[in-house]
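Asker: When you get a sec, could you give me coordinates for this:
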Amino acid sequence: MSAIEVLDRLLAIVSQALKYLAAALLVGVSILICADVVMRFILNSPILGVAEIVANGIVIIAFLQLTYAVRQNSMLKSELILNLMGEKGKLASDTINALLGALLFGLVAWASWHPLVRSITTGEFVGYSSFQLPVWPVRLVIESCSILAIIAYLIHAIKAGIFGIRTDEVSAAH
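Answerer: Sure thing, here's the model as predicted:
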């Protein structure tokens, strides 16, 4: 088994775990929203911090699912254009798209690094005096999941560009 296959299998396990964590967080956020609505309606007493938790939770949920979406080839693409290309054109398109995806999330990771460090060192938070939510967990998820997405895209690029395996074939196999 090659190093790429080992890395791909490890990434598959990690992306599945992150996907399930995102699903659990989504359920938790949904329950929190429902509880807040009930508390507002019945007791006229909202739960503190729901808006901050939901806003940050949605970002966390989206980024936790990112690596799985990349691995499953679920990113937006035009099937019409791909269907007009030959097999070599499709492989070239897959390789270029994967490299551009890696570049995009490389830029996201690069741009997110200093805000992450700053939020940890300064104790940055959102909210107000009666409810404060630390920002660093959200920034850490953005940073780490962007790096995982880069790895997933580079694996796609290597499979398409070197081994001639289309990303559609990769996602169908998993």
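
Asker: where are the low-confidence patches of the protein?
Answerer: The chain contains residues with pLDDT under 70 at 167-174.

Asker: So which residues of it form strands?
Answerer: Using DSSP state E, the strands of the chain run over residues 125-128, 131-134.

Asker: how about the first one as PDB, C-alpha atoms only?
Answerer: Right, the one you point to is strand 125-128. The C-alpha coordinates for strand 125-128 follow below in PDB (Å, rounded to 0.1, in the frame of the first residue of the first chain):
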ATOM      1  CA  PHE A 125     -14.500  36.500  22.900                       C
ATOM      2  CA  VAL A 126     -17.900  37.400  21.400                       C
ATOM      3  CA  GLY A 127     -20.900  38.300  23.400                       C
ATOM      4  CA  TYR A 128     -21.400  40.700  26.200                       C
END
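
Asker: State the distance from Asn10 to Ala102.
Answerer: Small correction: residue 10 is Leu, not Asn. Leu10 sits 18 Å away from Ala102, going by CB to CB, to the nearest Å. Any C-beta I mention is one placed from the backbone N, CA and C, and that applies to glycine too.

Asker: Looking at the two, which one has more neighbours?
Answerer: Higher neighbour count among Leu10 and Ala102: Ala102, with 20 against 11, using other CB atoms under 10 Å.

Asker: Settle this for me: the more buried one is touching Ile150, isn't it.
Answerer: Yes: Ala102 sits in contact with Ile150 when judged by CB atoms under 8 Å, with a separation of 4.9 Å.

Asker: list residues touching both of the two?
Answerer: Between them, Ala102 and Ile150 share no contacting residue under CB atoms under 8 Å, 6 or more residues apart in numbering.

Asker: Going by residue numbers, what spans are helices in the protein?
Answerer: 3-38, 50-64, 66-71, 79-84, 87-122, 136-161, 167-173 (DSSP state H).

Asker: Turn those into CSV, including distance to Asn44.
Answerer: Below are these laid out as CSV (distance: least, CB to CB, whole Å):
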stretch, distance to Asn44
helix 3-38, 11
helix 50-64, 15
helix 66-71, 39
helix 79-84, 52
helix 87-122, 35
helix 136-161, 30
helix 167-173, 49
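
Asker: Tell me which of the ones you listed sits most buried.
Answerer: Counting by mean count of other CB atoms under 10 Å, helix 66-71 has the highest mean neighbour count of these, with a mean of 24.

Asker: same for that one, what does it pack against?
Answerer: For helix 66-71, the packing partners by 3 or more CB pairs under 8 Å, 6 or more residues apart in numbering; DSSP states H and E come out as helix 3-38, helix 136-161.

Asker: could you dump stretch 93-105 to CSV, C-alpha only?
Answerer: Coordinates of the C-alpha atoms in stretch 93-105 are reproduced here as CSV (Å, rounded to 0.1, in the frame of the first residue of the first chain):
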residue,chain,number,x,y,z
SER,A,93,-9.9,19.3,-15.2
ASP,A,94,-9.9,17.2,-12.1
THR,A,95,-6.2,17.9,-11.5
ILE,A,96,-6.5,21.7,-12.1
ASN,A,97,-9.7,21.9,-9.9
ALA,A,98,-8.0,20.0,-7.1
LEU,A,99,-4.9,22.2,-7.2
LEU,A,100,-7.0,25.3,-7.2
GLY,A,101,-9.1,24.0,-4.3
ALA,A,102,-5.8,23.3,-2.4
LEU,A,103,-4.7,26.8,-3.2
LEU,A,104,-8.0,28.3,-2.1
PHE,A,105,-7.9,26.6,1.3
